[in-house]
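> test case, fold it:
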Amino acid sequence: MSNELAEELTTLLSRQQLPKRTLLLAEGQVCDRVYFIEQGLARAFYHKGGEEITAWFMPEQSLIISVASMFLQQPSEESIELLEDSVLVSIHYKDLLHLYEKYPEFNFVGRVLTERYYVLSEKRTASLRKQTATERYQSLLEALPQISRRASSKQIASYLGIAPETLSRLRAKNR
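Numbers count the residues shown, from 1 in each chain. Down below sits the predicted model:
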């Protein structure tokens, strides 16, 4: 990254401390910021049949966006909520586009990040289709070992696509 790009990027980034339960994006809003979690945990969720379904968890060192909403600049079908007091660094979408246009080298960064998160999305989809509930739970524990202390059982169960009672049985087996 050139010094010029690094300096301009620094001026466009915003760092903030936000409390637990802050909604970074509400369903129906257009996602206009990319967030990076320095500290904390976030989740994306949507509503189905009157229930909140957790689509993903994002811990420290992760980017957070509603992909379709951001790139299509359309209302989001999901909400993004902080599950812990968090420290975030963010950039506005229009500033991100400005950096891509002004600094072709920054497109490489965007491409690498897009590839990384696309692979994670594909793995998540494959997990839901191919793995048993036990395997999905084990994968989640490998990725986020402290998840049971950081998110509610209901959120974890909905992420795994299982009933809270099934999660309780899985936890009992793993003790």
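> from here on, just use CA atoms for contacts and neighbour counts.
Noted.
> only the buried residues of the lowest-mean-pLDDT helix or strand in the chain, if you could.
Using mean pLDDT, DSSP states H and E, helix 104-130 stands out as the lowest-scoring helix or strand of the chain, at a mean of 79. Along helix 104-130, these residues count as buried under the neighbour rule (16 or more other CA atoms under 10 Å): F106, N107, S127.
> and which of these is nearest F57?
F57 has its nearest neighbour among these in S127, at 14.6 Å by CA to CA.
> so how far is R116 from the closest one?
Relative to R116, S127 is positioned 17 Å away (CA to CA, to the nearest Å).
> where along the protein do the strands fall?
Using DSSP state E, the strands of the chain run over residues 14-18, 23-25, 33-39, 42-48, 51-58, 63-64, 79-82, 86-92.
> starting at the chain centroid, how far to the fifth one?
Same thing as strand 51-58. The gap between where strand 51-58 is centred and where its chain is centred comes out at 9 Å by CA atoms, centre = their mean, to the nearest Å.
> model confidence over it, on average?
Per-residue pLDDT values over strand 51-58 give a mean of 94.
> enumerate every residue touching S14.
The contact partners of S14, by CA atoms under 8 Å, 6 or more residues apart in numbering, come to V89, S90, I91.
> if you rank those residues by neighbours, which is first?
Across the contacts of S14, neighbour numbers were computed from other CA atoms under 10 Å; I91 holds the maximum, 19 neighbours.
> so that one touches L13, yeah?
Yes. Between I91 and L13 there is a contact under CA atoms under 8 Å: 5.1 Å.
> now the residue nearest to L41 when sequence neighbours are not counted: how far from Y35?
For L41, ignoring the flanking residues on the chain, the nearest one in space by CA to CA, 6 or more residues apart in numbering is P59 at 4.5 Å. Remark: distance between P59 and Y35 (CA to CA) = 12 Å.
> again with A163
Shown here: A163 relative to Y35, a distance of 31 Å by CA to CA.
> neighbour count: the two, which is higher?
For A163 versus Y35, neighbours defined as other CA under 10 Å are more numerous around Y35 (20 against 13).
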